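> below is the sequence, then the predicted model.
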Amino acid sequence: MLRRLANPDVAKALANIVWLGLERLTQIVVAIAVAGLLARYFGPDAFGKWQYANTLLLVLVPVTWVCGAEILVPTIVHRPASELGTVLGSAFALRITVSVVALAATWTAIGVGITDPLVGAMLAGLAVTMLFREPVIGVINAWLQSMTYSKPQLLASIVTALAKALLVFLFVRIALAPAAFGWLWAAEAAVIAAALVVYYIRRHQGTLGWRVDKPLVRHFASAGTVFWIGLVCMYLFLKLDRLMLERAISFADLGRYSAAQQINENWIALGLMLAQTIAPAFVYRVHDARHLLRNIRRLMLLAAALMATGALVLDLFAHLIITRVFGPDYEGAIAIFRWCVWLSVPAGVEAIGNLVVLKYQAKFVLLAKWVLALAIAFAVNLVAIARMGSYGALVGLAAGYLAATAVNVYYIRLKLRS
């Protein structure tokens, strides 16, 4: 064990995991703290509009994920170092083009009044993050991942997240208009992008050196299309509950529902972080089918037990958590929270099964899975939301997660037992 830890590659990977864990925990704590501040300051109605604006953003952002890391990182690794500027420049050109089009379409939709005026004003600032997240931060982060050295990006994210939390507190104290907060998120993305560009230039003799190669741009545009569409469907599924609830309940009730889901989604994020951490050792580096199948079974049981234990604790302390984080105006979220935390169990099991899909780059399985989950959740929501309100959206999420898990299990049995 000591000899393994002394290996430079293992030590580098371990340090990378530590930084990743620290960044994720910081983001989770900051997200909960900021949500609590904004929920108390905005009130349920405006907070519901803020959450809906964020939901729209999170549905739009995957559109900019063309040429994802699963395509870009291997390209960086396998091409000569002399071509790095061409690879990154071509990826940037493709992503910034898509992001500019997405931002223009978003602002146009806001301008013609397709959303509530306050939702549109909030989204106008939030949407600017698309110009920085994938075109700049995503491209440079792919370069860092190719070296198993994500510390600069993670450190920048930690520092800016803490700074954002402080600024949110100050903005609340001076009673800044709710619509202005979206621009703070845009500024955070811009600062991270600028810091990473400066770091990259310093590592490359003071020049950026990015060049555009049209054939490579076309390759990037087509190579990851199936994965890209699959991820768009996945994020649409994850936010479908709020998109459909917006038409069925008031923004105040949507704010309470979103408050419950805010805590729950951060809890699920811990489970996903665990899956990403253990994936290299127990899934990606295991080549024997029987050994891999045994590992997946054990990891699924472990994930189910861990998420169920956490859900039980969150259920028991639901009243304390909601009222302390969001305030007494959100007591209506307590009952929803007690139900939605149990969604973490199928979400955790699905995340483990998904590791096998990613290991074998089964892009059509990924696409089929999330299209099926999205279709089932949509069909269930149509019926359940009309009859059960917010609880109907939870039923739709549960049905979608179970469908996705079933596809994972079927693929694992087919792939590993054959």
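Thanks, I have the structure now. Residues are numbered from 1 along each chain as shown.
> contacts and neighbour counts: CA atoms only from here.
Noted.
> which ones are touching residue 363?
226-227, 230, 357 (Cα atoms under 8 Å, 6 or more residues apart in numbering).
> which stretches of the chain aren't confidently modelled?
1-14, 16, 274-281, 418 (pLDDT under 70).
> which among the contacts of residue 363 gets closest to residue 414?
Here the nearest of those to residue 414, counting by Cα to Cα, is residue 357; it sits at 11.6 Å.
> helix or strand for the closest one, which one?
Here residue 357, judged by DSSP states H and E, is contained in helix 344-359.
> between the next helix or strand after that helix and helix 344-359, how many degrees?
Per DSSP H and E, helix 344-359 leads on to helix 363-388 as the next helix or strand towards the C-terminus. Here helix 363-388 points in a direction 160 degrees away from that of helix 344-359 (axes from the mean of the first three to the mean of the last three Cα atoms, to 10 degrees).
> in the next helix or strand after helix 363-388, what's buried?
Sequence order places helix 390-417 as the next helix or strand after helix 363-388, per DSSP H and E. By 16 or more other Cα atoms under 10 Å, the buried positions in helix 390-417 come out as 390-409, 411-412.
> ok, stretch 181-195 next?
181-190, 192-193.
> for stretch 20-28, same thing?
20-21, 23-28.
> chain center to that stretch, what's the gap?
Relative to its parent chain, stretch 20-28 has a centroid offset of 13 Å by Cα atoms, centre = their mean, to the nearest Å.
> which residues touch it?
Under the criterion Cα under 8 Å, 6+ apart, residues 150-151, 154-155, 157-158, 161-162, 266, 270, 273 lie in contact with stretch 20-28.
> tabulate these (JSON lines), appending secondary structure and distance to residue 144.
Below are the contacts of stretch 20-28 laid out as JSON lines (DSSP: H, G, I helix; E, B strand; the rest coil; distance: Cα to Cα, whole Å):
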{"residue": "150", "secondary structure": "coil", "distance to residue 144": "5"}
{"residue": "151", "secondary structure": "helix", "distance to residue 144": "8"}
{"residue": "154", "secondary structure": "helix", "distance to residue 144": "10"}
{"residue": "155", "secondary structure": "helix", "distance to residue 144": "13"}
{"residue": "157", "secondary structure": "helix", "distance to residue 144": "14"}
{"residue": "158", "secondary structure": "helix", "distance to residue 144": "16"}
{"residue": "161", "secondary structure": "helix", "distance to residue 144": "20"}
{"residue": "162", "secondary structure": "helix", "distance to residue 144": "22"}
{"residue": "266", "secondary structure": "helix", "distance to residue 144": "25"}
{"residue": "270", "secondary structure": "helix", "distance to residue 144": "23"}
{"residue": "273", "secondary structure": "helix", "distance to residue 144": "19"}
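> and those, which are buried?
For the contacts of stretch 20-28, buried by 16+ other Cα under 10 Å: 150-151, 154-155, 157-158, 161, 266, 270, 273.
> ok, so of these, who is nearest residue 290?
residue 273 (25.2 Å).
> ok, now how distant is the closest one from residue 89?
The gap separating residue 273 from residue 89 is 30 Å, by Cα to Cα, to the nearest Å.
> just residue 338 next, same as before
Taking Cα to Cα, one finds residue 338 at 47 Å from residue 89.
> who has more neighbours, those two?
residue 89 (22 against 19; other Cα atoms under 10 Å).
> can you tell me, leaving aside adjacent residues, what's nearest to that one?
Nearest non-adjacent residue to residue 89, counting by Cα to Cα, 6 or more residues apart in numbering: residue 210, 4.3 Å away.
> give me the number of residues near the one you found?
For residue 210, using other Cα under 10 Å, the count is 17.
> residue 112 too?
8.
> ok, residue 251 next?
Applying other Cα under 10 Å, I find that residue 251 has 22 neighbouring residues.
> who are the contact partners of it?
Applying Cα under 8 Å, 6+ apart to residue 251 gives the contacts 44-49.
> wait, isn't residue 240 in contact with residue 378?
Yes - with contact defined as Cα atoms under 8 Å, residue 240 reaches residue 378; the gap is 7.4 Å.
> need the buried residues of stretch 181-195 in CSV (columns: distance to residue 302 and secondary structure).
Formatted as CSV, these follow (distance: Cα to Cα, whole Å; DSSP: H, G, I helix; E, B strand; the rest coil):
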residue, distance to residue 302, secondary structure
181, 40, helix
182, 39, helix
183, 41, helix
184, 39, helix
185, 36, helix
186, 38, helix
187, 40, helix
188, 36, helix
189, 36, helix
190, 39, helix
192, 36, helix
193, 37, helix
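> alright, I will stop here.
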